[in-house]
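Colleague: Requesting a structural model of the entry that follows:
(chains A and B)
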Amino acid sequence: MNPIIRELEGALGGALAGAGLAGGAGPADFRPCADARHGDYQSNAAMVLAKEARRKPSEIAAAVRAGWGGVGLAEVTVAGPGFLNFRLTDAALVRGLAGRLAGRYIEPVDAPKTLIVDFSAPNVAKSMHVGHIRSTVLGDCLQRVARYVGHRVISDNHIGDWGTQFGKLIVGLRRFGSEDRLAADPIGEMERLYKRAHEASQSDPEVQEAARLELKKLQEGDPENLAVWRRFRELSQSAFDGIYGRLGVRFDETLGESFYNPMLRGVVEDLVARGVARESEGAICVFFEEAGLKDKPFLIRKSDGAALYATTDLATVKHRVETFRPDEIWYVVDMRQSLHFQQLFATVRRWGLGVELRHVGFGSILGADKRPLKTREGDPVKLEALLEEAVARARAMVDERRGDLGEEERRDISEVLGIGSVKYADLVQNRHLDYVFEWDRLLSFDGNTAPYVLNAYVRIQSIFRKSGDPEDAGYELGPPSHPRERELMLRLLQWEDVVAQVAEEQRPHHLCFYLFGLAGCFHAFFEDCPVLKAEGGLRSHRLALCRVTAGTLRAGCELLGLRTVERM
RNA sequence: GCACCCUUAGCUCAGCGGAUUAGAGCAUCUGACUACGGAUCAGAAGGUCGCAGGUUCGAAUCCUGCAGGGUGCGCCA
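Modeller: Numbers count the residues shown, from 1 in each chain, chains lettered A, B, ... in the order given. Okay, here's the model as predicted:
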């Protein structure tokens, strides 16, 4: 929280206590005014607390005003049935931004936690496609934000590197494989091999049997098949790394499904021994009493003895708890899996592992027809191709407007804008809504988009270049001399709270909306308040505002996983 | 059948631990081009917040029911 806002909230708490309403009555409910005409910040605490205390809200509000101890911070007015409206003093505005001008952008949370953020999770031997965008972009943003506010974060890519598909892949490689193709386009070749073997097995029982045997050999640790499997995995990983590099996404751990393989048997046995799971129709299941889960058993071992997705997930939780001692684990996974997570979480609770699990769910990406996005041929759209197209489209716009810049810089700007636009379009939306992927809207450089936000930053950088001042010039923040300055200062003050909210609710769209609003405030300020033409203290003050704004925009972009550029 | 999610302006969406006259963007219309970057700004118009009840001094927000759309639900992941 911004230090000055914290002081204000404290002063409100004190005034409430002075009015006979103990601090235990809950938060002071101090927040920016919904409508700026009423003031800068507001509190409905008087009305909320009046109900419990069986007193008149207006009376409580009047008492708060009379006992207001934050005179140097804000003036209080009472409106309507008991609204408390606050108008910050100039001194408070200046003091609230002093830390930021000095480069301090965040105060660590009071109680840092250890968090595991589980996201992305592509499958080996397949290319990443649109279905992976949201998990990857959202998960990366959340790990950045959580780290930023001071939590200890472990990001983990739970890749799909084990399963029945490897039987067919091995058969495919042996019968139809081509080293040349595998070297030239590893993922493409692996997909082709799988498809080829799968098709062959449909019509030819011999192929199907061969795949089954190869899978069995692999599972039993046959060295040759293991070597092939490792090769598939390595080839896939380097393809993933290429995309992650381009997206600027990093993982602390990449513990795929195969890692947990040796633990699966023990997990099932332990759950049975503890009475959490039991045999049913030849399989092992967990049954629930909870409403909604009653008739929905959680299968952890098939009747043929094989483990399932659920088993691996349970083993994963156990391993994470034992290894990293996390307070929370966040699963950034498609909402369609919410039942699975409900069951998983309920099972873990009964198992008594003592960790808070959270499903950070999100909706699907749809095509213009409102059906899951596919290519014209009906295949999923590959992530690499999608990023390539985004950058190409951005490049066309950069070329059109900035022919004066060199080739290398234009390429770099296009990359930042193209990738940034795709990420931003995803993050700006409330995550649990499906979203319709439309190139024109996504890359429209108008509205609440990455280019708009980046442009505000670029304009500020341009001011500094033009100022002729040294980069480390000291500027001094003064009291607002214009309404636009005041609006900008107030907006800047909200930064810490917005970041905290994103961390608490795992909802990055709040940060996007904040940055968009901040960029708008800056543009408006820039329109009405000459910076470089101002003189003396005013020039210094306005440049200080520019500096804090640029720093905040840059910090926000970084949290979203967007790179910034100096010119565009 | 059961469960979860969604329904707010023409379109895409914020807001939903209740509160002062429901907000943005896009599209539409009007202005600002001797511009510290017009990839901008200012303004207008546009909504019985799916429907019906209920709780409350006060409901887009909480509760119940209904309708429409989506998703998922024993041996896939």
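
Colleague: next helix or strand past the helix or strand A:E384 falls within?
Modeller: Assessed by DSSP states H and E, A:E384 sits inside helix A:383-401. Scanning forward in sequence from helix A:383-401 by DSSP H and E, the next helix or strand is helix A:407-427.

Colleague: list the helices and strands the very next helix or strand once past that next one packs on?
Modeller: Proceeding N to C from helix A:407-427, the next assigned helix or strand is strand A:435-436, under DSSP H and E. Using 3 or more Cβ pairs under 8 Å, 6 or more residues apart in numbering; DSSP states H and E as the contact test, the elements touching strand A:435-436 are strand A:365-366. C-beta here means a position set from N, CA and C on the backbone, and glycine is covered the same way.

Colleague: do the strand it packs on and RNA strand B meet at all?
Modeller: No - Strand A:365-366 does not reach RNA strand B (Cβ under 7 Å from any atom of the strand); its nearest approach is 8.6 Å.

Colleague: hmm, who's touching that strand?
Modeller: Here strand A:365-366 makes contact (Cβ atoms under 8 Å, 6 or more residues apart in numbering) with A:V130, A:G131, A:I133, A:R134, A:P372, A:L373, A:D434, A:Y435, A:V436, A:F437.

Colleague: what's the answer for stretch A:73-80, then?
Modeller: A:4, A:7-8, A:11, A:38-41, A:58, A:61-62, A:64-65, A:68, A:84-89, A:91-92.

Colleague: Show me which of these are buried.
Modeller: A:4, A:7-8, A:11, A:38-41, A:58, A:61-62, A:64-65, A:68, A:84-86, A:88-89, A:92 (16 or more other Cβ atoms under 10 Å).

Colleague: out of the contacts of strand A:365-366, who's nearest RNA strand B?
Modeller: Proximity of these to RNA strand B (Cβ to the nearest atom of the strand) peaks at A:Y435, which lies at 4.9 Å.

Colleague: Give the burial count for the residue found closest to that closest one once you drop the neighbours it is linked to in the chain, as a bare number.
Modeller: Of all residues not flanking A:Y435 in the chain, A:Q429 sits nearest, at 5.2 Å (Cβ to Cβ, 6 or more residues apart in numbering). A count of neighbours around A:Q429, defined by other Cβ atoms under 10 Å, yields 18.

Colleague: What's the separation between A:Q429 and A:C512?
Modeller: With distances taken as Cβ to Cβ, to the nearest Å, A:Q429 is found 9 Å from A:C512.

Colleague: Excluding chain neighbours, what is closest to A:E9?
Modeller: A:E9's closest residue in space is A:F30 (Cβ to Cβ, 6+ apart), at 4.4 Å.

Colleague: thinking again about what came up before, ok, and of the contacts of strand A:365-366, which contact RNA strand B?
Modeller: When contact is defined as Cβ under 7 Å from any atom of the strand, these meet RNA strand B at A:D434, A:Y435, A:V436.

Colleague: In the stretch 401-550 of chain A, where is pLDDT below threshold?
Modeller: Counting by pLDDT under 70, the stretch 401-550 of chain A contains no low-confidence residues.

Colleague: And the helices in it, which stretches?
Modeller: Counting by DSSP state H, counting those that start in this stretch, the stretch 401-550 of chain A has helices at residues A:407-427, A:439-442, A:450-467, A:483-493, A:495-505, A:509-528, A:536-560.

Colleague: Need these in JSON lines (columns: distance to RNA strand B).
Modeller: Formatted as JSON lines, these follow (distance: least, Cβ to the nearest atom of the strand, whole Å):
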{"stretch": "helix A:407-427", "distance to RNA strand B": "6"}
{"stretch": "helix A:439-442", "distance to RNA strand B": "7"}
{"stretch": "helix A:450-467", "distance to RNA strand B": "3"}
{"stretch": "helix A:483-493", "distance to RNA strand B": "8"}
{"stretch": "helix A:495-505", "distance to RNA strand B": "8"}
{"stretch": "helix A:509-528", "distance to RNA strand B": "3"}
{"stretch": "helix A:536-560", "distance to RNA strand B": "8"}
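
Colleague: Can you name the residues that contact A:R65?
Modeller: Per Cβ under 8 Å, 6+ apart, neighbours of A:R65: A:A15, A:V76, A:T77, A:V78, A:L84.

Colleague: redo that, cut-off 6 Å
Modeller: By Cβ atoms under 6 Å, 6 or more residues apart in numbering, the residues touching A:R65 are A:V76, A:V78.

Colleague: returning to that earlier point: surely the residue nearest to A:E9 touches A:S43?
Modeller: Yes - contact between A:F30 and A:S43 holds when scored by Cβ atoms under 6 Å: they sit 5.1 Å apart.

Colleague: Please check the ones next to RNA strand B among the contacts of strand A:365-366 and keep the buried ones.
Modeller: Those of those that meet the buried threshold are A:Y435, by 16+ other Cβ under 10 Å.

Colleague: Cross the buried ones among the contacts of stretch A:73-80 against helices and list the overlap.
Modeller: Mapping those onto helices (DSSP state H) picks out A:I4, A:E7, A:L8, A:A11, A:S58, A:A61, A:A62, A:V64, A:R65, A:A92.

Colleague: residues in the stretch 201-350 of chain A within reach of RNA strand B, list them.
Modeller: Within the stretch 201-350 of chain A, the positions adjacent to RNA strand B are A:257, A:280-283, A:285, A:291-292, A:294-297, A:299, A:302-304, A:306, A:308-309, A:335-340 by Cβ under 7 Å from any atom of the strand.

Colleague: For PyMOL, what selects the buried ones among these?
Modeller: The buried residues among those can be selected in PyMOL (16+ other Cβ under 10 Å) with this line:
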select buried, chain A and resi 257+283+285+297+299+308+335+340
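
Colleague: quick one, what contacts the nearest residue to A:G367 once chain neighbours are set aside?
Modeller: Among residues not flanking A:G367 along the chain, A:L373 sits closest, at 4.3 Å (Cβ to Cβ, 6+ apart). Counting by Cβ under 6 Å, 6+ apart, A:L373 makes contact with A:V130, A:I365, A:G367, A:V381, A:F437.

Colleague: Looking at those, which is nearest A:I187?
Modeller: A:V381 (14.5 Å; Cβ to Cβ).

Colleague: From A:S364, how far out is the residue nearest to that closest one when sequence neighbours are not counted?
Modeller: Once flanking residues are discounted, A:V381 sits nearest to A:V130: 4.7 Å by Cβ to Cβ, 6+ apart. According to Cβ to Cβ, A:V130 stands 9 Å off from A:S364.

Colleague: Comparing these two, which shows the higher neighbour count?
Modeller: Using other Cβ under 10 Å as the criterion, A:V130 and A:S364 rank with A:V130 on top: 21 against 18.

Colleague: and the next element down the chain from the helix or strand hosting A:V317?
Modeller: Assessed by DSSP H and E, A:V317 sits inside helix A:309-324. Per DSSP H and E, helix A:309-324 leads on to strand A:328-334 as the next helix or strand towards the C-terminus.

Colleague: Parallel or antiparallel, which strands does that following strand pair with?
Modeller: For strand A:328-334, sheet partners with direction are given as strand A:114-118 (parallel), strand A:356-362 (parallel), following DSSP bridges.

Colleague: With mean neighbour count, distance to A:V565 and mean pLDDT as new columns, can the ones you listed be given to me in a markdown table?
Modeller: Formatted as a markdown table, the strands paired with strand A:328-334 follow (neighbours: other Cβ atoms under 10 Å; distance: least, Cβ to Cβ, whole Å; pLDDT from 0 to 100):
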| stretch | mean neighbour count | distance to A:V565 | mean pLDDT |
| --- | --- | --- | --- |
| strand A:114-118 | 24 | 28 | 98 |
| strand A:356-362 | 19 | 28 | 95 |
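
Colleague: With distance to A:D497 added, can I get those strands in a markdown table?
Modeller: Converted to a markdown table, those look like this (distance: least, Cβ to Cβ, whole Å):
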| stretch | distance to A:D497 |
| --- | --- |
| strand A:114-118 | 20 |
| strand A:356-362 | 21 |
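
Colleague: Quick one: closest of those to A:T552.
Modeller: A:T552 sits nearest to strand A:114-118 of all the strands paired with strand A:328-334, at 24.1 Å, using Cβ to Cβ.

Colleague: just checking, next helix/strand downstream of that closest one?
Modeller: Next element after strand A:114-118 (DSSP H and E): helix A:133-148.
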